[in-house]
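# Provided below for reference: sequence and predicted model.
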Amino acid sequence: MQFQSLGIIEPILKALAEEGYSTPTPIQEQCIPIVLQGTDLMGCAQTGTGKTAAFAIPILQLLGDVPANIKKRKIRSLILTPTRELAIQIGESFEAYGRHTQIKHTVVFGGVSQQSQTNALQRGVDVLIATPGRLLDLIGQEFISLSHIEIFVLDEADRMLDMGFIHDIKRILPMLPTRRQSLFFSATMPAEIVKLASSILHNPKNVAVTPPSSTVDIIQQSVYFVDKVNKMNLLVDILKDPKIKTALVFTRTKHGADKVVKILHKFNISAEAIHGNKAQNARQRALSNFKAQTTRILVATDIAARGIDVDNLEYVINFELPNIPETYVHRIGRTGRAGAEGTAIAFCDAEERAYLRDIEKLIKKQIEVVEDHAYPMEGMRYDKPKVQDQNNHMPHANKLQAKPNHLVRKKSYFNRSK
């Protein structure tokens, strides 16, 4: 199927062609006709499946069907998203797909001066992309009115819930017109998200292009069992591979991200951190350097990384496993995008074994264990049990068992005793 067959107008088709897009992804193929019909939508799709275009393209077309008052535009569509990086990314999509239309958009988010944002609002916009905190702040200052909203989008709803934005969302909803079209997107659909969706949507169509919380099949996943004290050694050892031109590394904390960057620098590995304590300019600079491959390693926390969209990113490394299994799905979804190949590596120490079990239960898949590496976990060994199936084939599953006492862990470069 081509984009032309979805009933998209020529100015948008021209922009898509200029971006090199001709064939819609599954979520775009299913969502765009529904949105163009003016129907509410609940979409469930993994990160990297193209859902931004699934709502941006039809919104541009629907708003273009009713010409705005050029002298005094009203905000007719609101896209609510959890992070500044994701807001910027969505804004870039509207810029790209709408370059040949008359639709104007702007992006507002916290952590920076509001002056340029309020100037754009005063000039008039049709589409507003916003994070919850800055949106409420500007509404309170009377720079923004939501009374003319025709299309409302709640994007990354599960992350909104994780980040504690539920109360902000509940404050924003009553400000919207009762008669509107609402679009709801989430990578996972736990019970809390379904409940939230029911309070926003009216007789919605449901689109789920992949099973909830499943991981992209094309991504090659592996796990290394390693003691916490040796994780940095293992990371440096893996990064000796010249095939790894760039890699996105995840830590659980901001302090952990900064620490990893500091140690990588000692080994002359170019790296930058991106997290909530970094200034907006620093975060954007780090991301730009990573995209340009002038920085080889980008170390990120989950909240900061949600909006990262890097073409042809082949490697994601979970330096620390997340304690929420759905977060693992979001992390590895940074690679293997748009059908490209991807590799997801996870480090697992003794305290993270329970996290790994939860992840494998969620994705309904046993992650391949890498046995042969320089820093195996102390007191453990890998044993392949000799159990045959009914066809007399040997199983491939690996079982982690106690290692003989004479096998000693290698000491850390950074924790050697004198």
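Received the coordinates, thanks.

# Thr49 should be in a helix, yeah?
No: secondary structure assignment (DSSP: H, G, I helix; E, B strand; the rest coil) places Thr49 in coil, not in a helix.

# how about it: what's its closest non-neighbour residue?
Ile27 (5.1 Å; Cβ to Cβ, 6 or more residues apart in numbering). Every residue, glycine included, has its C-beta placed from N, CA and C.

# ok, residues contacting the strand or helix carrying that neighbour?
Using DSSP states H and E, Ile27 maps to helix 26-36. Outside helix 26-36, the residues that touch it by Cβ atoms under 8 Å, 6 or more residues apart in numbering are 1, 6-8, 24, 41, 43, 45, 49-51, 53-55, 57-59, 61-62, 181, 183, 205, 207, 209.

# 7 Å instead, please
Under the criterion Cβ atoms under 7 Å, 6 or more residues apart in numbering, residues 1, 6-7, 24, 41, 43, 45, 49-51, 53-55, 57-58, 61-62, 183, 205, 207, 209 lie in contact with helix 26-36.

# filter the residues you listed down to the buried ones.
Applying 16 or more other Cβ atoms under 10 Å to the contacts of helix 26-36, the neighbour count classes 6, 24, 41, 43, 45, 49-51, 53-55, 57-58, 61-62, 183, 205, 207, 209 as buried.

# okay, the helix holding Ile27 in CSV with CA atoms only?
Extracted in CSV, the C-alpha atoms of helix 26-36 (Å, rounded to 0.1, in the frame of the first residue of the first chain):
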residue,chain,number,x,y,z
PRO,A,26,1.1,-0.8,9.8
ILE,A,27,0.0,1.7,12.4
GLN,A,28,-0.1,4.5,9.8
GLU,A,29,-2.0,2.4,7.4
GLN,A,30,-4.7,1.6,10.0
CYS,A,31,-4.8,4.9,12.0
ILE,A,32,-4.7,7.5,9.2
PRO,A,33,-8.1,6.6,7.7
ILE,A,34,-9.8,6.4,11.1
VAL,A,35,-8.5,9.8,12.1
LEU,A,36,-9.5,11.3,8.8
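
# quick one: mean pLDDT over the helix or strand that comes right after that helix.
Next in sequence after helix 26-36, counting helices and strands by DSSP H and E, comes strand 41-44. Across strand 41-44, pLDDT averages out at 92.

# check the offset of strand 41-44 from the chain's centre.
Put simply, strand 41-44 sits 17 Å off its chain's centre (Cα atoms, centre = their mean, to the nearest Å).

# walk me through which strands that strand pairs with, and which way each runs.
strand 181-186 (parallel), strand 205-208 (parallel) (DSSP bridges).

# got the ones you listed as CSV, with mean pLDDT and distance to Phe347 columns?
What follows is the strands paired with strand 41-44, written out as CSV (pLDDT from 0 to 100; distance: least, Cβ to Cβ, whole Å):
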stretch, mean pLDDT, distance to Phe347
strand 181-186, 94, 28
strand 205-208, 92, 31
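
# turn those into TSV, columns for distance to His275.
As requested, these are exported to TSV (distance: least, Cβ to Cβ, whole Å):
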stretch	distance to His275
strand 181-186	23
strand 205-208	31
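
# how does the chain divide into domains?
3-208, 219-402 (automatic domain parsing).

# looking at these, which has the lowest confidence?
domain 219-402 (a mean of 81).

# for the helix holding Ile27, which positions count as buried?
Result for helix 26-36 [16+ other Cβ under 10 Å]: buried residues Ile27, Gln28, Glu29, Gln30, Cys31, Ile32, Pro33, Ile34, Val35, Leu36.

# do the same with stretch 152-167
152-163, 165.

# element containing Ala346?
strand 342-348.

# next, the buried residues of that strand.
In strand 342-348, counting by 16+ other Cβ under 10 Å, buried: Gly342, Thr343, Ala344, Ile345, Ala346, Phe347, Cys348.

# same question for stretch 84-92.
Neighbour-count burial for stretch 84-92 [16+ other Cβ under 10 Å]: Arg84, Glu85, Leu86, Ala87, Ile88, Gln89, Ile90, Gly91.

# where exactly do the helices run in the stretch 251-400 of the chain?
254-266, 280-291, 302-305, 325-332, 353-363 (DSSP state H, counting those that start in this stretch).

# now distance to Arg134 and mean neighbour count too, for those helices, in TSV please.
Formatted as TSV, the helices of the stretch 251-400 of the chain follow (distance: least, Cβ to Cβ, whole Å; neighbours: other Cβ atoms under 10 Å):
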stretch	distance to Arg134	mean neighbour count
helix 254-266	21	17
helix 280-291	12	17
helix 302-305	16	21
helix 325-332	23	24
helix 353-363	33	17
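
# dump those helices to a markdown table, plus distance to Pro242.
Shown next, in a markdown table, are these (distance: least, Cβ to Cβ, whole Å):
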| stretch | distance to Pro242 |
| --- | --- |
| helix 254-266 | 16 |
| helix 280-291 | 18 |
| helix 302-305 | 25 |
| helix 325-332 | 22 |
| helix 353-363 | 29 |
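
# compare the ones you listed and give me the one nearest Leu201.
helix 325-332 (21.3 Å; Cβ to Cβ).

# packing partners of the closest one?
Judged by 3 or more Cβ pairs under 7 Å, 6 or more residues apart in numbering; DSSP states H and E, the packing partners of helix 325-332 are strand 315-318, helix 353-363.

# name every strand pairing with the shortest one and say which way it goes.
Translated: strand 315-318. Short version: by DSSP bridges, strand 315-318 pairs with strand 247-250 (parallel), strand 342-348 (parallel).

# distance to Ile238 added to the ones you listed, as CSV?
Formatted as CSV, those follow (distance: least, Cβ to Cβ, whole Å):
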stretch, distance to Ile238
strand 247-250, 9
strand 342-348, 7
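
# to Ile169, which of the ones you listed lies closest?
For these, the distance to Ile169 is smallest for strand 247-250, at 26.1 Å, taking Cβ to Cβ.

# run the chain-centre distance for that closest one.
On Cα atoms, centre = their mean, the centre of strand 247-250 falls 13 Å from the chain's centre.

# ok, now stretch 128-146?
24 Å.

# in that stretch, what counts as buried?
Leu128, Ile129, Ala130, Thr131, Pro132, Arg134, Leu135, Leu136, Leu138, Ile139, Ile144, Leu146.

# alright, calling it a day.
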